[in-house]
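Visitor: here is the input, now give the coordinates:
(chains A and B)
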Amino acid sequence: MGFFVLVALLAVLLGIALRRGEDFGPVVKRFVEQFAMLVPRMLCALVAAGFIAQLLPKEAIARLLGDEAGLMAIPLAAAVGLLVPAGPVITFAIAAVFAKSGASTAALVTFVTSWSIFAAHRIIIYELPLLGPSFLRLRVVSAAMVPLLAGVMAFLVGLITAYGTATPM
Amino acid sequence: MRIGSQNFDYIYDPAWRAGLVQNAFGKSFWAFLAGAVILGLICWGVLGAETVLVALKEDIRLLIGLMPRVLVALSIAALIWVLLPRDRMAGLVGKDSGIRGLVIATLAGTVTPGGPSSAYSLLAVLAVSGADRGALIAYITAWATLGMQRILIWDVPFMGEEFAFLRFMVSLPLPVLAGLLARKLPLTLTVNDPDAKKRGEA
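Guide: This next block holds a predicted model:
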């Protein structure tokens, strides 16, 4: 179902580009560049994540981030998110493993959001060189509550409906 | 190579091709590969050969499900990259832009395609061309939490559409909130890197 939404979106964008008489050279270029950047590493990360999935103490994570942990899972998930100094390949593979091992939806939302805002490698590689420490300080203070709020809202949504439950691949 | 008005000349650019190979099979690829092999060996040692096979079979099943989604998502991201007027975004989020500026910054962050290199480059350009600090925070927070490209490429394939949509919806108001907070905070912001703009545009 979701896949067909993606295909429909692609068809719409393709239609717009064709109508505008867009040069498809840069489109193909961008596609090839991103494919090269993404897919080889993704394959390795997938295999690595498969092994991690076998090695991880799933019961412990399920207990700590699971539904029975309730709101307490949220600060913990935020802290775990800070500890992943890696790109999306590894992070989402880990998130999928957490989901399979019984982590609650609110904990998963918190984990992904916390990582996406504070990923350490991005701060070191891009933020400090391009914008400097005073920007980092402003951003950390301003956005510190964002993962927690996202988690709490997901928790509240979870009280009403099961919609949004992760279906990890 | 040109087909009508379509320009594919970059195919013959040796620098482009070398960059491609570098991106695909550079140092970090080998680090990833080494990580996978080491984890496989640990798995073998701790849990036995049979578990390694189970994991690999599961990987193949996963891959077959994942590849079509990745291809479609990458195509969408590439089209957005070309269709979006990136250069016109800088003028919209100045000092007196109010809540409207924060909303525009949030929207811009949401649709900015590309990884951290493009988002942080644009952020650096905005920072030295008079964008308000709240807008800067809203922009990069939105890019991190709401970025369509990340949601399409990562959330959707790995976690499912429902999770992706839920995460998007609960995060929707948060970049504006972070931007408002950034305006109120008594912290000094000095983006005084003289090369920031030059590097940002490179």
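Visitor: when you work out contacts or count neighbours from here on, use the C-alpha atoms and nothing else.
Guide: OK.
Visitor: centre-most residue in chain B?
Guide: residue B:115 (3.1 Å; Cα atoms, centre = their mean).
Visitor: report pLDDT for that one.
Guide: On pLDDT, residue B:115 comes in at 71.
Visitor: poorly predicted segments of chain A, please.
Guide: A:1-2, A:56, A:58-59, A:62, A:85-86 (pLDDT under 70).
Visitor: mind listing the helices for chain A?
Guide: Applying DSSP state H to chain A gives helices spanning A:2-19, A:24-55, A:58-65, A:73-82, A:88-100, A:105-118, A:120-122, A:128-131, A:133-143, A:145-160.
Visitor: wait, what's in contact with the residue lying closest to residue A:96 once chain neighbours are set aside?
Guide: Once flanking residues are discounted, residue A:96 sits nearest to residue A:168: 5.1 Å by Cα to Cα, 6 or more residues apart in numbering or on different chains. Counting by Cα atoms under 8 Å, 6 or more residues apart in numbering or on different chains, residue A:168 touches A:96-97, A:99-100, B:157-160.
Visitor: dump the helices of chain A to TSV, plus mean neighbour count.
Guide: As requested, the helices of chain A are exported to TSV (neighbours: other Cα atoms under 10 Å in any protein chain shown):
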stretch	mean neighbour count
helix A:2-19	14
helix A:24-55	21
helix A:58-65	18
helix A:73-82	21
helix A:88-100	22
helix A:105-118	29
helix A:120-122	16
helix A:128-131	20
helix A:133-143	19
helix A:145-160	20
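Visitor: save the ones you listed as a markdown table, and put in distance to residue B:104 too.
Guide: Formatted as a markdown table, the helices of chain A follow (distance: least, Cα to Cα, whole Å):
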| stretch | distance to residue B:104 |
| --- | --- |
| helix A:2-19 | 22 |
| helix A:24-55 | 25 |
| helix A:58-65 | 35 |
| helix A:73-82 | 27 |
| helix A:88-100 | 26 |
| helix A:105-118 | 19 |
| helix A:120-122 | 24 |
| helix A:128-131 | 21 |
| helix A:133-143 | 18 |
| helix A:145-160 | 19 |
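Visitor: quick one on the thing from earlier: farthest pair in the contacts of residue A:168?
Guide: For those, the farthest-apart pair by Cα to Cα is A:100 and B:157; their separation is 14.4 Å.
Visitor: can you state the direction angle for the host helix or strand of residue B:56 and helix A:24-55?
Guide: Applying DSSP states H and E as the criterion places residue B:56 in helix B:49-83. For helix B:49-83 against helix A:24-55, the angle by axes from the mean of the first three to the mean of the last three Cα atoms, to 10 degrees is 150 degrees.
Visitor: tell me the first helix or strand C-terminal of helix B:49-83.
Guide: Next element after helix B:49-83 (DSSP H and E): helix B:98-111.
Visitor: can you pull the contacts of residue 24?
Guide: No chain in the question, so chain A it is. Here residue A:24 is in contact with B:6-7 (criterion: Cα under 8 Å, 6+ apart).
Visitor: hmm, no, I was thinking of chain B.
Guide: A:36-41 are the contacts of residue B:24 under Cα under 8 Å, 6+ apart.
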